[in-house]
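S.K.: kindly return the folded structure for what I paste below:
(one chain, ligands or ions: 1)
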Amino acid sequence: MKNQIKYGKLRYVSFIILDLLCLLLSNLSATFLYYGQYTFDKIFADFIPVFILTFAIDVFVSLTLNTLGNVLRRSKKKELKECVTHVSASFVLLAWLLFAIRYGIDYNSGIIYFTYLFDLMLLISGHLLWKYLLKSFCRKKGSVFLMTTNRFAEEGIEEIRKKGDEVSGVCLLENDNKKQIGDIPVFSDIKEALAFICWQNVDRVCIYGIDHQMVPDRLRSGCNALGVGIESVDFDYKILELKTIVNSDPKYGALSFLEGERDIPFPIRRVYWITETEADLHRGFHAHKLNCQLLFCPYGKIDIILDDGSGEKQTVTLDGPGKGLLLMPGLWREMVWCESGSVLCVLASEYYDEKEYIRNYDDFITYRKENQ
Ligand code: TYD
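M.R.: Got it, this is the predicted structure:
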């Protein structure tokens, strides 16, 4: 509710007005059916009091059962369920009140059934239509909600801006209490992020620098209900600085570390390392379809030659414990041991599965073309 008010009270109010219109129309139709025609006296005598009563009940039910809450984020099935709950509760309450004040003697019960059935029909179709219109015409084209990590947040915003889009909000995995980046609001709670996406009419959600597995299920299903697509703004690789603590006394050496979601934007399913190597060893010669990896060389020097299939190769040298290489799927790699005994450590997002490897270079070129 806090965010509904903060990020677009009008959207919520529009549904209250819609509810009121549905009620008005169903009440008018019921009165017309009952009397056959409208006369000023009858309207004042019967229609207006009952209408005020039904409207008061409607607002009461909306607030107590929160049947209007999150209306834009509901799926069709949930929409139907909430509308039935809302109308049934209102109907029971009105029937009971009319009985209590003995107004029902004049006001035919068939008419009340008709009013609420008609109201239910109007409510469901009205809500679906209004939601469709809001989604189609009020969506802010080019307004992107970014999902990333602390480390890549600013870079991700830059990348999206370069594409000519505007970042309206950011959700960070493992947020360390950041509330804003520049004037862009930052969220760490998925529920709040979804409320923002919904009420700000964000066009789409972009993930940057994180594996698709890191997108929380809740955000995925919420975006699905809202009809907001999730896409990734990808890079092929990144050189990461790994935190390293070097003691002033050299005999203590250096301590480097990596922390789960804070430093590694994928779930770690596998760790492997290559040791006892000789200089000029060449390994690799493959690409992965799914596997995200973080490579580092805590001892020695290793060249990683990367190929994105465009004809240009890039070489990244891993030559110390404080340097990591994040590799997204779809890159051909060759590793060259520059010094004997160099150690290569790899953190991987997938279990070992030969099927997700591409070991033939021609197949890799075809794969890149198909997955551009
Ligand atoms: P391979 O991927 O060919 O190593 P590289 O590309 O560095 O030359 O792997 C060598 C062998 O090790 C191969 O038979 C598969 C096996 N292997 C596993 O069983 N599990 C693993 O996690 C890895 C990386 C390899």
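
S.K.: need the strands for the stretch 201-350 of the chain, in chain order.
M.R.: 202-208, 229-233, 237-241, 243-246, 254-257, 270-274, 282-288, 293-299, 302-307, 313-318, 323-327, 332-337, 343-348 (DSSP state E, counting those that start in this stretch).

S.K.: which parts of the chain are helices?
M.R.: In the chain, the helices defined using DSSP state H lie at 2-6, 9-35, 40-42, 48-65, 76-100, 109-137, 153-162, 190-199, 217-226, 260-263, 361-370.

S.K.: now the fifth one, how far from the centre of its chain.
M.R.: This points to helix 76-100. 32 Å (C-alpha atoms, centre = their mean, to the nearest Å).

S.K.: who in the protein is up against the ligand?
M.R.: Arg270, Tyr272, Arg283, Gly284, His286, Tyr352 (C-beta under 6 Å from any ligand atom). To be clear about C-beta, it is placed using only N, CA and C from the backbone, and glycine gets the same treatment.

S.K.: pull the number of nearby residues for the second one.
M.R.: Tyr272 sits with 11 neighbouring residues when counted by other C-beta atoms under 10 Å.

S.K.: gap between it and Val343?
M.R.: 11 Å (C-beta to C-beta, to the nearest Å).

S.K.: and if you look at Ile112?
M.R.: Relative to Val343, and taking C-beta to C-beta, Ile112 is found at 79 Å.

S.K.: if we can go back for a sec, deepest of the helices of the chain, which one?
M.R.: When you average the neighbours per residue for each of those (mean count of other C-beta atoms under 10 Å), helix 190-199 leads with a mean of 22.

S.K.: now that one: average pLDDT?
M.R.: Averaged over helix 190-199, pLDDT sits at 87.

S.K.: packing partners for that helix?
M.R.: Applying 3 or more C-beta pairs under 8 Å, 6 or more residues apart in numbering; DSSP states H and E, we find helix 190-199 packed against helix 2-6, strand 140-149, strand 166-173, strand 184-187, helix 217-226.

S.K.: find the nearest non-adjacent residue to Ser75, please.
M.R.: Once flanking residues are discounted, Ser75 sits nearest to Ala225: 4.6 Å by C-beta to C-beta, 6 or more residues apart in numbering.

S.K.: pLDDT below threshold where in the stretch 51-200 of the chain?
M.R.: 102-108 (pLDDT under 70).

S.K.: which one of the residues in it is closest to the ligand?
M.R.: Thr149 (24.9 Å; C-beta to the nearest ligand atom).

S.K.: tell me the spacing between that residue and Arg220.
M.R.: 17 Å.

S.K.: hey, what's the residue in the stretch 151-300 of the chain that the ligand sits nearest to bridged with?
M.R.: Scanning the stretch 151-300 of the chain for the residue nearest the ligand gives Arg283, at 3.7 Å (criterion: C-beta to the nearest ligand atom). On the basis of DSSP bridges, Arg283 is bridged to Met335.

S.K.: shouldn't it be in contact with Met335?
M.R.: Yes. Applying C-beta atoms under 8 Å, one finds Arg283 in contact with Met335, separated by 4.8 Å.
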